[in-house]
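# can you look at this prediction? I've put the sequence above it.
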Amino acid sequence: MVYYLKNSHFLGLLVLLVFWSCKSDKKEDQSSSEKEYVMYQPSEMAVLMQEFYDYNEQLKKEITSGNELTHMPETFKAIQTAEMTDSADPSKIFKAYAPVYLQTQLRVTDSLNTEDLKTRFNDNINICLSCHKTECVGPIPRIKKLLIQ
Ligand code: HEC
């Protein structure tokens, strides 16, 4: 279906995807002018999630090209404290997945682990997806692209 869209429409679609926020259906800012829209500040959690995404995109490249793996930045541990959009409290499900995620993320670069590297990488991305299925469905199509086929 995307193939029938003109380039400009496709760009618009991308912009929409990039600015997806899980709480974006809240009505409070509907009257916002274009200026306010430009000044939209992503939450700490949203910024952190983008870093998760970029890091795993980098890891995927390193794995598929056989290069040395970059270790997880310590700052990722902030998943347990970062502020969410609209200062929402993390749900029980979120709190349960966060430490599991940190473990599976660290396993990818654990040089003592003998399990297949691609399996470990995809297991980790599947934890992202598991949490997202209940906590934030918007980015799921993007996250799926990280999986190594
Ligand atoms: C513990 C649950 C959980 C895990 C694990 C998780 N996410 Fe998220 N993710 C969320 C929540 C909740 C949000 C919405 C944050 C907000 O709006 O403040 C989010 C938002 C995002 C966003 C959108 C950020 C934006 O710009 O609004 C992306 C992209 C994302 N996550 C990618 C990932 C990737 C990639 C992984 C794994 C490497 C991952 N997430 C792991 C719960 C999770």
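Nice, I can see it. Numbers count the residues shown, from 1 in each chain.
# got a list of contacts for whichever strand or helix holds residue 60?
For residue 60, the element it lies in under DSSP states H and E is helix 44-65. With contact meaning CB atoms under 8 Å, 6 or more residues apart in numbering, helix 44-65 is reached by 21, 42, 67-70, 72-73, 75-76, 78-79, 82-85, 105, 108-109, 117-118, 121, 124-125, 128, 139, 142-143, 146, 148. The way it works is simple: take the backbone N, C-alpha and C, and place the C-beta from them, glycine included.
# run through the residues of this protein sitting next to the ligand.
With CB under 6 Å from any ligand atom as the criterion, the chain comes near the ligand at residues 20-22, 42-43, 45-46, 49-50, 52-53, 56, 84-85, 94, 97-98, 101, 127-128, 131-132, 135-136, 139, 142-143.
# show me which of those residues are buried.
Listed as buried from the residues of the chain next to the ligand are 21-22, 43, 45-46, 49, 52-53, 56, 84-85, 94, 97-98, 101, 127-128, 131-132, 136, 139, 143; burial here means 16 or more other CB atoms under 10 Å.
# and residue 106, what does it touch?
residue 72.
# quick check: next helix or strand after the helix or strand residue 102 falls within?
Remark: residue 102 resides in helix 92-108, with elements defined by DSSP H and E. Next helix or strand after helix 92-108 toward the C-terminus (DSSP H and E): helix 117-135.
# which strands and helices lie in contact with that next one?
helix 44-65, helix 92-108, helix 140-144 (3 or more CB pairs under 8 Å, 6 or more residues apart in numbering; DSSP states H and E).
# please produce JSON lines containing the ones you listed, extended by mean pLDDT.
Conversion of the helices and strands packed on helix 117-135 to JSON lines gives the following (pLDDT from 0 to 100):
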{"stretch": "helix 44-65", "mean pLDDT": "98"}
{"stretch": "helix 92-108", "mean pLDDT": "98"}
{"stretch": "helix 140-144", "mean pLDDT": "98"}
